[in-house]
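Asker: Would you be able to build a 3D model of this:
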Amino acid sequence: MTTLSTQRLVSGPAGAIVHTADDPVLGRVEVAVLDPVADLEVIHRWVTAPTARFWGLGELTPQELSDLYAYVDSLSTHHAFLIRRDGLPIVLLQTYEPENDPLGEVYATEPGDVGIHFLLGDRGAPAVGFTTRVGHAIARFLFSRVAVDRIVVEPDVGNDRAVARARLFGFALGPQVELPGKSGQLAFLTREAWESGGSRV
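Answerer: A predicted model of the protein is given here:
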């Protein structure tokens, strides 16, 4: 089930489950609107881990992080979600309209674009193809909105793991762009490429 909000972006009240799917390996995958209070402990642990240095929030106190996501929750153009695997939080996902973000100033946005940031947190039990299956679950959630034609990411050019992961998910690399505080590697996943099986497992 998907809760509808804007034409492209899904949203809902804090903590609400807005998308559910069953994966034969991961199990039940649920996408819930991030709760800046109830989910604070887990996301603060994730963003302050050394492996999350490119996320850029490692210096924030728990209260500052909670305030930041409360602000995100107040916007209609940006949203945050916590993805769970059989109840275990595994991904922090942010979605946004690129034309209402600094990213929209450095590339030609299209009406069906949705930008995302995602941070892999915990994994749970070992699963073959874990990362690819998580990417597929995210794409299935985003493309559940008929108005979405293309997913856009812009990992730091120095984040080799994130760039490689985008290619693994089926994204086509675009140009490098200059953004506040970083150089980003644009990459795009079209609905057509996803439906043709480029990122399916």
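Asker: Please name the residues that touch residue 52.
Answerer: 46, 58, 119 (Cβ atoms under 8 Å, 6 or more residues apart in numbering). Where you see a C-beta, it was placed from the backbone N, CA and C, and this is true even at glycine.
Asker: Just among these, which is most surrounded?
Answerer: The most crowded member of the contacts of residue 52, judged by other Cβ atoms under 10 Å, is residue 46 (21 neighbours).
Asker: Spatially nearest residue to that one (excluding sequence neighbours)?
Answerer: Spatial nearest neighbour of residue 46, excluding adjacent residues (Cβ to Cβ, 6 or more residues apart in numbering): residue 121 at 4.3 Å.
Asker: pretty sure that neighbour is touching residue 92, no?
Answerer: Yes. Counting by Cβ atoms under 8 Å, residue 121 touches residue 92, with 6.4 Å between them.
Asker: So the two - more neighbours on which side?
Answerer: For residue 121 versus residue 92, the count of surrounding residues by other Cβ under 10 Å is larger for residue 92: 24 against 20.
Asker: Look up how far residue 83 lies from the more buried one.
Answerer: The gap separating residue 92 from residue 83 is 8 Å, by Cβ to Cβ, to the nearest Å.
Asker: Mutual contacts of those two, please.
Answerer: Common neighbours of residue 92 and residue 83, using Cβ under 8 Å, 6+ apart, do not exist here.
Asker: Can you check the pLDDT for residue 124?
Answerer: Predicted confidence (pLDDT) for residue 124: 91.
Asker: for it, what are its contacts?
Answerer: Listed by Cβ under 8 Å, 6+ apart, the contact set of residue 124 reads 85-86, 88, 90.
Asker: Among the contacts of residue 52, name the ones in strands.
Answerer: Of the positions in those, residue 119 sit in strands, assigned by DSSP state E.
Asker: who's in contact with the helix or strand of the chain with the lowest mean pLDDT?
Answerer: Sorting the helices and strands of the chain by mean pLDDT, DSSP states H and E puts helix 160-169 at the bottom, at a mean of 90. By Cβ under 8 Å, 6+ apart, the surrounding residues in contact with helix 160-169 are 54, 131-132, 135-136, 139, 153, 155-157, 173, 185, 187, 189, 199.
Asker: out of those residues, which is most surrounded?
Answerer: For these, neighbours were counted using other Cβ under 10 Å, and residue 135 has the most, 26 neighbours in all.
Asker: excluding its backbone neighbours, what's nearest that residue?
Answerer: Ranked by Cβ to Cβ, 6+ apart and with sequence neighbours excluded, the top spatial neighbour of residue 135 is residue 169, at 3.8 Å.
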